[in-house]
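Visitor: Sharing a model prediction with you, sequence too.
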Amino acid sequence: MTTSPASPAPSSPSPSPASPAFTYSHSDADLAGQPIGYWSSAAGTAVVHHIRTALAEHGLTQPQWWILNQLLAAPAHGRPSDDVVSVLKGYLDIGDGALHHDIGALRDRGLIAEAPRSAESAARIALTDDGRALQARVAERQKGLRAEIHEGITDQEYVAALKVLQRMIHNVGGSAWHH
């Protein structure tokens with residue numbers, strides 16, 4: 001580990017009273033040699049934990065939250081459950097089995113309604129009034145979470161970070177997509 005001074009945050013606003021002052025771990029020169037695998041994994045772990053903790057306060061898992069959001073703009077008769085699973089199964093490698101379980105859990109809580117598959121159509125799921133109300137409450141909380149996560153980071157810096165990560169994924173033959 002180096003003892004060189006850490007670089008100051010570029011025009012960072014003062015930290016909120018709830019969060020401690022932020023200091024970079026290394027100088028810019030030393031950060032350039034740091035392993036991306038470690039830092040991208042550490043960031044992902046910390047952010048996902050923060051989000052999942054907030055969702056748990058509302059009795060939701062992250063995949064259940066994704067399902068509610070997928071149904072928000074669906075027509076009144078719902079959306080095919082297989083379509084929802086198809087969109088979401090690659091998110092954080094959740095897989096389709098867990099999503100079918102989460103659909104059942106949301107149905108059992110009265111947050112979504114499920115019309116069974118028939119000879120004419122696929123099984124459909126739709127938000128109930130309770131599901132729509134919970135989604136609205138949690139969406140407000142999510143706005144606050146985003147502000148916490150993005151504190152001291154400009155939109156320009158955020159976009160640059162995502163572009164760098166996307167390019168690195170491409171450079172190693174990986175693929176990633178988010179709606």
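Guide: Noted; the coordinates are in hand.

Visitor: residues near the residue lying closest to residue 169 once chain neighbours are set aside, how many?
Guide: Using Cβ to Cβ, 6 or more residues apart in numbering and skipping residues adjacent in sequence, the residue nearest residue 169 is residue 176, 5.2 Å away. Every C-beta, even on glycine, is put in place using the N, C-alpha and C of the backbone. Residue 176 has 9 neighbours, counted by other Cβ atoms under 10 Å.

Visitor: what does residue 129 give?
Guide: Neighbour count of residue 129, defined by other Cβ under 10 Å: 10.

Visitor: Likewise for residue 34?
Guide: Neighbours of residue 34 (other Cβ under 10 Å): 11.

Visitor: contacting residues for it?
Guide: Contact analysis of residue 34 by Cβ atoms under 8 Å, 6 or more residues apart in numbering lists residue 26.

Visitor: if I look at it, how far off is residue 165?
Guide: Here the criterion is Cβ to Cβ, to the nearest Å. By it, residue 34 lies 14 Å from residue 165.

Visitor: Which helix or strand contains residue 47?
Guide: Element membership for residue 47, per DSSP states H and E: helix 36-56.

Visitor: list the helices and strands the next helix or strand after that helix packs on?
Guide: The helix or strand immediately downstream of helix 36-56 is helix 62-72, counting by DSSP H and E. For helix 62-72, the elements it packs on are helix 36-56, helix 81-88, helix 96-108, strand 112-115, strand 124-127, helix 129-149, judged by 3 or more Cβ pairs under 8 Å, 6 or more residues apart in numbering; DSSP states H and E.

Visitor: Against which helices or strands is the fourth one packed?
Guide: What it means is strand 112-115. On the basis of 3+ Cβ pairs under 8 Å, 6+ apart, strand 112-115 makes packing contacts with helix 62-72, helix 96-108, strand 124-127.

Visitor: if we go to 6 Å?
Guide: strand 124-127 (3 or more Cβ pairs under 6 Å, 6 or more residues apart in numbering; DSSP states H and E).

Visitor: Please give the centre-to-centre distance between the strand it packs on and its chain.
Guide: The gap between where strand 124-127 is centred and where its chain is centred comes out at 22 Å by Cα atoms, centre = their mean, to the nearest Å.
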